[in-house]
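> The sequence and its predicted three-dimensional model are supplied below.
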2 protein chains.
Amino acid sequence: MTNPRWLSEDELSAWMSFTLMQLQLFAHLGKQLSPTGLSFQDYGVLARLTEVGQVRLTEIAEMIGYEKSRMSHHATRMEKRGLVERVKCGTDRRGSYLRITDAGRAAIVDAAPGHVAEVRNQMFDLLTPEQVKTLDDISRTILEHLPGKATPA
Amino acid sequence: MTNPRWLSEDELSAWMSFTLMQLQLFAHLGKQLSPTGLSFQDYGVLARLTEVGQVRLTEIAEMIGYEKSRMSHHATRMEKRGLVERVKCGTDRRGSYLRITDAGRAAIVDAAPGHVAEVRNQMFDLLTPEQVKTLDDISRTILEHLPGKATPA
DNA sequence: TCTTTCTAGGTGACATGTCAACTACTAAGG
DNA sequence: CCTTAGTAGTTGACATGTCACCTAGAAAGA
């Protein structure tokens, strides 16, 4: 009686495990990060900023998949804690750059080894190279098809 | 100069695309659901409740990967909107069952077809059966290794 | 029994995310 | 120029999630 629009048994199994895994994995990584004083979200922002130096708010929002409002709020919170700063943009008076501060740099340098180790432990060290490749393919396929498509690095 | 504890190029690529995909996919599904008056989280709770009838709060929390506090808060919010109700547990006076109401049942019946179609459109119709199988394997592998391991259905 | 410990769940404070405006500026077309 | 439309970013209200702590009741063992 399987309605063709419903999910197959295999799909349902994958959906259940995927949604649960995603939730638990990020919760775990957040907790592991918490004693460093950074949230998982903070870490993502700082990681990007160390790569590219200063960036326009909209640009970094797109990179990490945030809506502009969320980006603005999060930038404000991080700014209050001294991790980043806003810098007026010379060519477009509406805009600002987001820039990492020394404190921000220190914080991510401190947090990175443990965080990366945990991503390894809980994920990549458990998977074969083929599985990693497939996960990358799957993720990019889904991203490309999604409406406001952002593209990962 | 690749630090052996850092991620390889392939791993980093997969990590970036996976985290971004996950964020965008669930954001998209949430938005698609929103006109029905249910959040993605509401949907998950109601879906489980329709399967199993009433369940202890701790039990459903474990099933969907919530901490007990989050479960309690979310149950309260859903209760206020009339989607679920708490029922005193006879055998253990500390505990309660969570039970779906008629309004809750009506809400998920209304929302389900569109939601499932969207999960299909944005995900499963884009993937091969092998990819789906691999995603399931990956997810279960990660879940099993995670500290407080919950197991999907 | 009677203490000591454990468990179910709730609570309040606070961090985070979403939505719908809103301001200030830029850009485009007459 | 001048009007109109679009864009960058902010804001406030509210939904959601986390954390540390609390209460009541169950369970275990002397």
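That came in fine, so what should we check first?

> Packing partners of the helix or strand where residue A:69 lies?
Per DSSP states H and E: residue A:69 is located in helix A:68-80. When contacts are defined as 3 or more Cβ pairs under 8 Å, 6 or more residues apart in numbering or on different chains; DSSP states H and E, helix A:68-80 packs onto helix A:40-52, helix A:57-64, strand A:84-88. The way it works is simple: take the backbone N, C-alpha and C, and place the C-beta from them, glycine included.

> So which residues on chain A come close to DNA strand D?
Residues of chain A lying near DNA strand D by Cβ under 7 Å from any atom of the strand: A:27, A:30-31, A:34, A:56-59, A:68-69, A:71-73, A:75-76, A:86, A:89, A:92, A:94-97.

> Now the buried members of these.
Buried residues within those, counting neighbours by 16 or more other Cβ atoms under 10 Å in any protein chain shown: A:27, A:57, A:71, A:72, A:75, A:86, A:96, A:97.

> So the first one lies in a helix, does it not?
Yes: using DSSP: H, G, I helix; E, B strand; the rest coil, the secondary structure at residue A:27 is a helix.

> Is there a neighbour count for the residue nearest to it when sequence neighbours are not counted? I'd like the number.
Nearest non-adjacent residue to residue A:27, counting by Cβ to Cβ, 6 or more residues apart in numbering or on different chains: residue B:65, 7.7 Å away. Around residue B:65 there are 22 other residues, counting by other Cβ atoms under 10 Å in any protein chain shown.

> Equivalent analysis for residue A:5, please.
There are 10 residues near residue A:5, going by other Cβ under 10 Å.

> Which residues are in contact with it?
B:113, B:116, B:117, B:120 (Cβ atoms under 8 Å, 6 or more residues apart in numbering or on different chains).

> ok, the first one to residue B:119 distance?
Going from residue B:113 to residue B:119 by Cβ to Cβ, to the nearest Å gives 11 Å.

> In terms of neighbours, single out the busier of these two.
Set side by side, residue B:113 and residue B:119 show more neighbours around residue B:119, with 19 against 12, by other Cβ under 10 Å.

> Am I right that the more buried one is in contact with residue A:8?
No: contact criterion Cβ atoms under 8 Å: residue B:119 and residue A:8 do not qualify, at 12.0 Å.

> what's the farthest-apart pair in the contacts of residue A:5?
Within these, two members stand farthest from each other by Cβ to Cβ: B:113 and B:120, at 10.6 Å.

> picking up where we left off before, of the contacts of residue A:5, which is the most crowded?
Using other Cβ under 10 Å as the neighbour criterion, residue B:116 leads those with 17 neighbours.

> Residue A:145 - how many residues pack around it?
Residues near residue A:145, counting by other Cβ under 10 Å, number 14.

> residues from chain A in reach of DNA strand C?
Near DNA strand C, when you scan chain A using Cβ under 7 Å from any atom of the strand, you find A:39, A:41-42, A:66-67, A:69-70, A:73-74, A:77, A:92-94.

> tell me the two of the residues you listed that are most distant?
A:39 and A:93 (31.5 Å).

> Neighbour count: these two, which is higher?
residue A:39 (15 against 8).
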